[in-house]
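1. just a sequence and a predicted model for now, questions to come.
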Amino acid sequence: MIANYHTHTWRCGHAEGSEQDYVQQAVNAGLKTLGFSDHTPYDFFDAEPRNPSIRMKPEELPEYAAAIRKFANEYRDQIQIFTGVEAEYYPKYFPRTLEMLKENGIQYMILGQHFLGNEIGEPYCGRPCSDRKMLERYVAQTIEALDTGLFLYFAHPDLIHFVGSSSVYEREMRKLCQAAKRTGTPLEINLLGIRENRHYPNEQFWQIAAEEGSTVILGSDAHSPQHVVDPESERYALALVERLGLKCQLSIDEFCIKSKLCAAGGGTR
Ligand SMILES: [Zn+2]
Ligand SMILES: [Zn+2]
């Protein structure tokens, strides 16, 4: 890997290590680009108390952005660092979230849809489920997200853990891959899933992605500095790419990263 755009920090409550450790690890491994993409905060206004082990609080966002910018500047001769977030697409909170991210100079969002609807009262997408309604909702909601044109890429699109009919899975996921293609959004093979032997990457999903001519990108999804690069999982992912004949993209053009949120509409200002 020469670039990784999927990196967390301690602020989400389930990652460890200092930013400097992540950066140093990336430099040592020869990465040219490191993007931080901690779980975005949401201002749920009216909703239940927040779970502190999922993501930072909205009031922590300015400090996060400033910390990453500081390292981007300090290390600019050694590595290119971007300030991003991993975000779900929650229609109810999306305009306000976009505004908050832009106000804080966040440069990009990757889509990581961990819950459906607007999260509150919804189950985790990664728990096994045979209800096709849930799969259909996941696909419809993430297609809506892709159609905003605001996401740099789609992290672990195969997070949804559907254990029902394989033909239903194929039909739905094909729609998702087609939307990714239409909107020019790369799909991420998630190295955390490989590292922890999770239910993703899902072979059937990536077979469909290959058939649809999807572009894929690897993301280390580091929650600890030692995983900023992960050669073993990377080899596994590249073998999958090779075996299925997927098109793999190594890095994303700087202009493309910088133009995503800056050019954003979405009902802001
Ligand atoms: Zn996380
Ligand atoms: Zn992540």
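-> Structure's in. What do you need? Numbering: from 1, shown residues only. Ligands and ions are numbered 1, 2, ... in the order given.
2. wait, what's in contact with the residue nearest to Phe205 when sequence neighbours are not counted?
-> Leaving aside its sequence neighbours, Phe205 sits nearest to Asp158 (C-beta to C-beta, 6 or more residues apart in numbering; 4.1 Å). (Each C-beta comes from the backbone N, C-alpha and C, glycine too.) Shown in contact with Asp158 (C-beta atoms under 8 Å, 6 or more residues apart in numbering): 173, 193, 200-202, 205-206.
3. ok, Asp131 - how many residues close by?
-> Neighbourhood size, Asp131 [other C-beta atoms under 10 Å]: 12.
4. these two touch, right, it and Gly164?
-> Yes. Asp131 sits in contact with Gly164 when judged by C-beta atoms under 8 Å, with a separation of 7.2 Å.
5. overlap in contacts, the two.
-> Contacts common to Asp131 and Gly164, judged by C-beta under 8 Å, 6+ apart, are absent.
6. in the stretch 51-200 of the chain, which residue sits nearest ligand 2?
-> Glu86 (4.7 Å; C-beta to the ion).
7. quick check: that residue is in a helix.
-> No. Glu86 sits outside any helix when classified using DSSP: H, G, I helix; E, B strand; the rest coil, being strand.
8. is it true that it touches Thr40?
-> Yes. Contact status for Glu86 versus Thr40: in contact at 6.6 Å, counting by C-beta under 8 Å.
9. got the CA positions of the helix or strand that Trp206 is a member of in PDB?
-> Using DSSP states H and E, Trp206 maps to helix 203-211. The C-alpha coordinates for helix 203-211 follow below in PDB (Å, rounded to 0.1, in the frame of the first residue of the first chain):
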ATOM      1  CA  GLU A 203     -16.500 -13.400  -1.300                       C
ATOM      2  CA  GLN A 204     -19.900 -13.400  -2.900                       C
ATOM      3  CA  PHE A 205     -20.000  -9.600  -2.700                       C
ATOM      4  CA  TRP A 206     -16.600  -9.100  -4.300                       C
ATOM      5  CA  GLN A 207     -17.500 -11.600  -7.000                       C
ATOM      6  CA  ILE A 208     -20.500  -9.400  -7.900                       C
ATOM      7  CA  ALA A 209     -18.300  -6.300  -7.600                       C
ATOM      8  CA  ALA A 210     -15.800  -7.900 -10.100                       C
ATOM      9  CA  GLU A 211     -18.700  -8.600 -12.500                       C
END
